[in-house]
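everything below, folded, please.
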Amino acid sequence: MTNLKLTPLAALHRDLGAKMTAFAGYQMPVQYKNGIIHEHLHCRSQAGFFDISHMGQCRIFGDRAAAALDKLTPGGIAELALGQQKYTVLTNAAGGVIDDIIVTRVTDGVGIIVNAGCKDKDFAYLRERLPADCRFEAFTDRALLALQGPGAAAVMAKFSGEAAALNFLQVCETSVAGVTCSVSRSGYTGEDGFEISLPAADAERVAKLLLAEDGVEPIGLGARDTLRLEAGLCLYGHELNETITPIEAGLNWIFKKGHTDFPGAEAILAQRQNAAGRRRVGLLVEGKIPVRDGAILLDSAGREVGIVTSGSFSPTLNRPIAMALIDRALTAAGTRLNAVVRNSAIELTVCPLPFVPHRYHKLAR
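Numbers count the residues shown, from 1 in each chain. Model (predicted):
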């Protein structure tokens, strides 16, 4: 694994006995000594610690930063209150997705978190498309940590009562173990939890303090993927790419009503009005053999009707599950399909998403 970038926690991962892998140009922990299934179930029952410092962090400065970003996304950025986050996508001229991102409204503009594998193209795209009165800055000296699971809030409360009091998709600037951090109540597991942006130089000390808390264990990329799959969350390069529209991916809810001024709007809004020809669905797999991404899906007549975008064994459900893009006519729950795996047909049943209910911390308004 030469020429790979390292996160600020690389030495800590080795000390914790992580099995490392190459991911998006970084050397990252795929699992620790107890294995992926243990890590997955631990996050669902207690609290998991994740190093997500490979993700890209940047900011657009300026009074018109939110309005400018609205013109590159399906909108709703300018309406965000200070300290509020929104999940959205950058779209291309054909209506495909350049990347899915998390946007935070801050006092001097907007903060953005982008996917690690899209970081370079996203930053170049934003620099090129933003107006002259907006200033773009990529943060290369910050780490990003995540604390996820039903025990996360109790752990966070020991370090920052302000952060522990946040609602889902709210953000605050706070001190964690004497380090000034930006903490959001968000994550990629379907569980309640937090993401902590902090200076890279302080990341290892804060990580060790979090890991020293009862019920907190390190979680690698393997369990991060199975957790997000159970939660029915998109992974860029699988459920999203530059040829898949947000409508096909089932992201209708990210659109601001009446917003039409963004790349690919004509194609995307036509799909909203007339329904896209294919849609993302969940699939329950019969038997014990997982159906992986790229598997072709067939209907009862043997016609090709879609493709699996993600598939794995679900530790929570104790069975294989998958997500797929399939013909719209076959998206009803209970529809039976077949996947071609090593020249064999495996039965699958269309089901609602998510596979495991979300447990985000949403207070009644």
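
model confidence for the residue nearest to residue 205 when sequence neighbours are not counted, exactly?
Leaving aside its sequence neighbours, residue 205 sits nearest to residue 177 (CB to CB, 6 or more residues apart in numbering; 7.0 Å). The C-beta positions use only the backbone N, C-alpha and C, and glycine is treated the same way. As predicted, residue 177 sits at a pLDDT of 96.

now swap in the one 3 residues further on and tell me
Predicted confidence (pLDDT) at residue 180: the value is 98.

ok, now how distant is it from residue 197?
10 Å (CB to CB, to the nearest Å).

these two: who's more crowded?
residue 197 (23 against 11; other CB atoms under 10 Å).

contacts only, for the residue sitting furthest away from the middle of the chain.
Most distant from the centre of the chain: residue 301, at 35.6 Å, with distances by CA atoms, centre = their mean. With contacts taken as CB atoms under 8 Å, 6 or more residues apart in numbering, residue 301 has no neighbouring residues.

test my guess that residue 166 contacts residue 184.
Yes - between residue 166 and residue 184 there is a contact at 7.4 Å, judged by CB atoms under 8 Å.

anything in contact with each of those two?
With CB under 8 Å, 6+ apart, residue 166 and residue 184 have common neighbours residue 194.

who has more neighbours, those two?
Neighbour tally, residue 166 and residue 184, criterion other CB under 10 Å: the higher count belongs to residue 184, 25 against 22.

against residue 63, how distant is that one?
Distance, residue 184 to residue 63, by CB to CB: 23 Å.

again, but for residue 353
Distance from residue 353 to residue 63, by CB to CB: 39 Å.

tell me which of those two has more neighbours.
Neighbours per residue (other CB under 10 Å) separate residue 353 from residue 63, with residue 353 holding more: 17 against 11.

contacting residues for that one?
232, 250, 280, 281, 282, 323.

the same query, at a cut-off of 10 Å, please.
The contact partners of residue 353, by CB atoms under 10 Å, 6 or more residues apart in numbering, come to 229, 230, 231, 232, 233, 250, 280, 281, 282, 283, 321, 323.

can you classify the nearest residue to residue 143 once chain neighbours are set aside by secondary structure?
Nearest residue to residue 143 in three dimensions, chain neighbours excluded: residue 203, at 3.6 Å (CB to CB, 6+ apart). Following DSSP: H, G, I helix; E, B strand; the rest coil, the label given to residue 203 is helix.

what is the burial count for residue 203?
Using other CB under 10 Å, residue 203 is surrounded by 23 other residues.

what pairs with the strand or helix carrying residue 59, parallel or antiparallel?
Using DSSP states H and E, the element containing residue 59 is strand 56-61. If you go by DSSP bridges, strand 56-61 pairs up with strand 109-114 (antiparallel), strand 135-139 (antiparallel).

for the shortest one, which positions count as buried?
Going back to what we said before, that points to strand 135-139. Going by neighbour count (16 or more other CB atoms under 10 Å), the buried part of strand 135-139 is 136, 138, 139.

CA atoms of it as PDB?
Below are the C-alpha coordinates for strand 135-139, written out as PDB (Å, rounded to 0.1, in the frame of the first residue of the first chain):
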ATOM      1  CA  ARG A 135     -14.100  32.500  -1.900                       C
ATOM      2  CA  PHE A 136     -13.500  28.800  -1.800                       C
ATOM      3  CA  GLU A 137     -11.100  27.200   0.700                       C
ATOM      4  CA  ALA A 138     -10.300  23.500   1.100                       C
ATOM      5  CA  PHE A 139      -9.300  22.400   4.600                       C
END
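
partner strands of the next helix or strand after it and their direction?
With elements assigned by DSSP H and E, the helix or strand that comes after strand 135-139 is strand 142-148. Strand 142-148 has its sheet partners listed here by DSSP bridges as strand 47-51 (antiparallel), strand 193-199 (antiparallel).

any idea which of these is most buried?
Across the strands paired with strand 142-148, averaging neighbours per residue (mean count of other CB atoms under 10 Å) puts strand 47-51 on top, at a mean of 26.

what mean pLDDT does that strand get?
Mean predicted confidence for strand 47-51 is 98.

before we move on, what about stretch 256-263?
The model assigns stretch 256-263 a mean pLDDT of 97.

now do stretch 282-301
Taken as a whole, stretch 282-301 has an average pLDDT of 96.

for it, buried residues please.
In stretch 282-301, counting by 16+ other CB under 10 Å, buried: 282, 283, 284, 285, 290, 291, 293, 295, 297, 299.

how about stretch 88-107?
For stretch 88-107, using 16+ other CB under 10 Å, the buried residues are 88-92, 95-106.
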